[in-house]
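A.B. asks: Model the structure of this input:
(2 chains)
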Amino acid sequence: MNKNLTLVATGLLLLLGVGWLAHVLSISSEGMIGDRFGYDPGTRFLPFAAGLVFVLALMVELWRQRAVIFKAAFPKPNRDVVSHIAALAAYAVFLHTAGFVLATSLFLMALIAINQRHGAGGFAIGQMMIWSGGVAVSTVALYSVLRGAVRLEYWAARAYGLPLLREPAVQTAVSSVLLALILAAAGWGLKRAEPRRLALAAQTSVGVTFALYVIFRQLFFVRLPAGLLFW
Amino acid sequence: MDVFLNGLDFLASPLTVAWIVMGSIIGIILGALPGLTATMGVALMLPISLHLPTAAGMAMLLAVYEGAVAGASIPAILLGIPGNPNALATVRDGFAMTQKGQAGLALGAAAVASLIGGLLSLVALMFFSPFLARATLAFGPAEKFTLAALGLLVIAAMSRKDMARGIAMGALGVCLSLTGPDPFTNVPRLPFADYLAGTSLQNGIELIPALIGLFGIAQSLIDAERLHMPAGAAPVLRLRNVFPSFADLRRMWRIIAESTGIGTLIGAIPGAGASVAVFLAHERARDLTARKPVDEQVGQGSIEGVVAPEVANNAVTGGALIPVLALGIPGDAVTSILLGALLIHGVVPGPMLFAENMPLVYAIFTGMGVALIAMFVFQLAGVRIFPLLLRVPLSFLIPIVLVFSCVGTFAADGQAPAKALYNMAVSMAFGIAGYGLRKGGYPLVPLVLGLILGPMLESNYRLAVKLAQGDYFAVLYSPLVPVMLAVAAALVLFSYFSKSAE
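C.D. replies: Predicted coordinates:
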């Protein structure tokens, strides 16, 4: 364990604890309804007590680390961790505007490609951009195919009196089979594509994105942001 | 009998069974991949469980839990790397068996042992939890407060070697759980209310984003640090004679029985954890095989050295659920999430659960049994696939887990996209904070426990003080409190000595 990191964490937590105590003292303390005699300890009693325990425990911890306090340097952040946090932040920002399907597939493609640089057999940034473009195009195409399939099921249910085709479980099953077939075909088609790592990253990105889409959107009706793919 | 059949009725749907099977498979895969833990798996599947009926959702989460515990033995046996701490003691004999060319037998023995340990501990869970729950009928607000406070204190005191950090994290969890409005007066307590009052944070920090952040995102960031390390070569194995013979199992009856007892008991003790149980079971098996020829003794690549810890770690799963269902007090991170899942589903563990909702209890027990069988089938069926599974690189796994964490958080409030986006931000903040805390040597389990138990602590304390007409020390006067204090002290001492021995 890095002593610098422990010290920085303790210091930041202590600041948080002091801030919490100050905040709790600023809350108006009220007793519960019907407490005419003032027996209830009030709104801020337990938050204050917990905050006090928090700060005292951290002071004990800081006292233990006193030997390294004046020698400690601020720890250097790990580049991989920073890149993942940055990618997560970008994902959160673009999720609403770009929509779940596009944002997720591009986030996965970018992060897997960035992570791949540690292994042997590198690739150029240009190649990565081209493959990312390919992911975006195939994502839009696959989304359109799946939406088309769902509309077709609704139409068939209406036209031929097949209410089963309106069932979410059935629609999910149809989409899953369709998705598996398309991905298998794409995998076969991209068998010799180079660089191999980017081809795998692209297939994984699209596959995972649509697997999540089918489970959460089609089966559980989660309102995933549509973004640019409004149809 | 009617109640039992009603319980079965909760699960009698092909879709429920399919979710349990899927939970088992996901659990085994998560357990098998080094770095991914049972806690992370259960946290990631929590949002999906919210979209299922309570019994089905809980059974699926239990399937993930049991699968991940059992799956951890796969890399332990094939690569000599435990998938997670549950398989720490399996490494020695399991990997030695692989080197002797008995990988198939080791994997098969682990699967059989996991099933036996899980089923026997399920019997213990079914037998003991109603009794324990009934005993808690004597508890008033003072006893409930003391129980929750001591549960939190015991976990905090047992975290790593550092009590002050554990206590600080427990207290932080309680503080964070109290950022919502006062439950009795509705007075807002949110910091920076001018900016945050209009957001979904005004009701306090929700459990799901916090759990997913702390166990999904934080773990992924920790794993990201290992990206530059070279990946180990995937093992090429000849897998034959996968099943241990019945004669072998009969010969090991004492090891199986004692390991089940150790696992169930240690599982029921808050904070002790599976890593203590597996070492105790392994040591006990070593004693029991001490008179055998040297190459058949535990530690030299013997089947007993695989069976004992695998029986014990799956027995922990049943034992760990006893205090959760009976008292509403979780003993570790996974059971904290399971308790959180129950509470989110509107199920309050304790005596009333056993008195009023017995069909649900039976459904959970039955679901656990089905999950164990599914886990066993897929652990055996997947024996030939596991070596391939271990080739999946971290560079692919980490982004997938991150996306799953984000989407899972979003899906928890999937019908309110604005709130879901806030939750995602909370999850990310908890993930980054959790990463920093873990790097700084601060344990996360007391933090989660504080988050879950905080509201229970507050409401019971205030009720106890009010009932005692304003006496702030009312919680200390109950005749049950000295008993609880003695048990808590014994637990801390037990954990201290058993971890020292480990």
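A.B. asks: residues of stretch A:77-87 that come out buried?
C.D. replies: A:78, A:80-81, A:83-85, A:87 (16 or more other Cβ atoms under 10 Å in any protein chain shown). C-beta here means a position set from N, CA and C on the backbone, and glycine is covered the same way.
A.B. asks: Quick one: mean pLDDT over it.
C.D. replies: Across stretch A:77-87, the average pLDDT comes to 87.
A.B. asks: so does that stretch get close to chain B?
C.D. replies: Yes - Stretch A:77-87 lies within reach of chain B by Cβ under 8 Å from any Cβ of the partner chain, at A:78, A:80-81, A:84-85, A:87.
A.B. asks: Secondary structure for these - can I get that in a markdown table?
C.D. replies: Formatted as a markdown table, the residues of stretch A:77-87 next to chain B follow (DSSP: H, G, I helix; E, B strand; the rest coil):
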| residue | secondary structure |
| --- | --- |
| A:Asn78 | coil |
| A:Asp80 | helix |
| A:Val81 | helix |
| A:His84 | helix |
| A:Ile85 | helix |
| A:Ala87 | helix |
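A.B. asks: hang on, the earlier thing: could you point out which of the buried residues of stretch A:77-87 is nearest to B:Pro482?
C.D. replies: A:Val81 (47.5 Å; Cβ to Cβ).
A.B. asks: State the distance from the closest one to B:Ser395.
C.D. replies: 14 Å (Cβ to Cβ, to the nearest Å).
A.B. asks: How about A:Leu13?
C.D. replies: Counting by Cβ to Cβ - A:Leu13 and B:Ser395 are separated by 32 Å.
A.B. asks: ok, and the residue nearest to the spatial centre of chain B, which helix or strand is that part of?
C.D. replies: Centroid-nearest residue in chain B, with Cα atoms, centre = their mean: B:Val334, separated by 2.4 Å. According to DSSP states H and E, B:Val334 maps onto helix B:333-344.
A.B. asks: what's that helix packed up against?
C.D. replies: Packing contacts for helix B:333-344, counted by 3 or more Cβ pairs under 8 Å, 6 or more residues apart in numbering or on different chains; DSSP states H and E, involve helix B:38-50, helix B:54-71, helix B:207-212, helix B:303-327, helix B:445-467.
A.B. asks: Just the pLDDT for B:Ala374.
C.D. replies: pLDDT for B:Ala374: 89.
A.B. asks: Contact partners for the residue nearest to it when sequence neighbours are not counted?
C.D. replies: The shortest distance from B:Ala374 to any non-neighbouring residue, by Cβ to Cβ, 6 or more residues apart in numbering or on different chains, is to B:Ser24 (4.0 Å). The contact partners of B:Ser24, taken as Cβ atoms under 8 Å, 6 or more residues apart in numbering or on different chains, are B:63-64, B:66-67, B:371, B:374-375, B:378.
A.B. asks: Which two of those residues have the greatest separation?
C.D. replies: B:Val64 and B:Phe378 (12.4 Å).
A.B. asks: who has more neighbours, those two?
C.D. replies: B:Val64 (35 against 21; other Cβ atoms under 10 Å in any protein chain shown).
A.B. asks: what about the more buried one, distance to B:Ile29?
C.D. replies: Taking Cβ to Cβ, one finds B:Val64 at 10 Å from B:Ile29.
A.B. asks: how about the helices and strands packed on helix B:333-344, which one is nearest A:Phe100?
C.D. replies: The nearest among those, by Cβ to Cβ, is helix B:38-50 at 14.4 Å.
A.B. asks: The closest one close to chain A?
C.D. replies: Yes - legend: contact between helix B:38-50 and chain A by Cβ under 8 Å from any Cβ is shown at B:Ile48.
A.B. asks: Regarding the residue of the stretch 251-400 of chain B found nearest chain A, what is its secondary structure?
C.D. replies: Nearest residue of the stretch 251-400 of chain B to chain A, counting by Cβ to the nearest Cβ: B:Ser395, 3.3 Å away. The three-state label given to B:Ser395 by three-state DSSP is helix.
A.B. asks: Residue most distant from the centroid, chain A?
C.D. replies: Chain A, Cα atoms, centre = their mean, max distance from centroid: A:Phe37 (49.6 Å).
A.B. asks: so who does that residue touch?
C.D. replies: So A:Phe37 contacts B:469-470 (Cβ under 8 Å, 6+ apart).
A.B. asks: pLDDT score assigned to it?
C.D. replies: 72.
A.B. asks: Chain A: helices as residue ranges?
C.D. replies: Taking DSSP state H as the criterion, chain A carries its helices at A:3-26, A:45-64, A:66-69, A:79-98, A:100-116, A:125-159, A:168-189, A:196-213.
A.B. asks: The longest one close to chain B?
C.D. replies: No - contact between helix A:125-159 and chain B, assessed by Cβ under 8 Å from any Cβ, is absent, since the two come no nearer than 12.8 Å.
A.B. asks: how about the residues of the stretch 251-400 of chain B that lie near chain A?
C.D. replies: B:393-396, B:398-400.
A.B. asks: Would you mind giving the residues of stretch A:77-87 next to chain B as CSV with distance to B:Leu342 added?
C.D. replies: Formatted as CSV, the residues of stretch A:77-87 next to chain B follow (distance: Cβ to Cβ, whole Å):
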residue, distance to B:Leu342
A:Asn78, 37
A:Asp80, 37
A:Val81, 34
A:His84, 32
A:Ile85, 32
A:Ala87, 34
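A.B. asks: center of chain A - which residue?
C.D. replies: Mean-position check on chain A, Cα atoms, centre = their mean. Result A:Leu88 at 6.4 Å.
A.B. asks: wait, isn't it in contact with B:Cys406?
C.D. replies: Yes - the pair A:Leu88 / B:Cys406 is scored as a contact, 7.3 Å apart, by Cβ atoms under 8 Å.
A.B. asks: shared neighbours of these two, anything?
C.D. replies: Common neighbours of A:Leu88 and B:Cys406 (Cβ under 8 Å, 6+ apart) are B:Met428.
A.B. asks: quick one: average confidence on stretch B:347-356?
C.D. replies: 79.
A.B. asks: Which residues does that stretch contact?
C.D. replies: Under Cβ under 8 Å, 6+ apart, the answer for stretch B:347-356 is B:54, B:129-130, B:133-134, B:136-137, B:324-328, B:339, B:342, B:357, B:360-361.
A.B. asks: So among those, which ones count as buried?
C.D. replies: Judged by 16+ other Cβ under 10 Å, buried ones among those: B:54, B:129-130, B:133, B:136, B:324-328, B:339, B:342, B:357, B:360-361.
A.B. asks: residues touching residue 57, list them.
C.D. replies: All of this is about chain A. Per Cβ under 8 Å, 6+ apart, neighbours of A:Ala57: B:164-165, B:167-168, B:171.
A.B. asks: Switch to chain B, please.
C.D. replies: For B:Gly57, counting by Cβ under 8 Å, 6+ apart, the contacting residues are B:48-51, B:341, B:345.
A.B. asks: swap in B:Leu444?
C.D. replies: Contacts for B:Leu444 were tallied using Cβ under 8 Å, 6+ apart; they are B:169, B:214-215, B:218, B:333, B:434, B:437-438.
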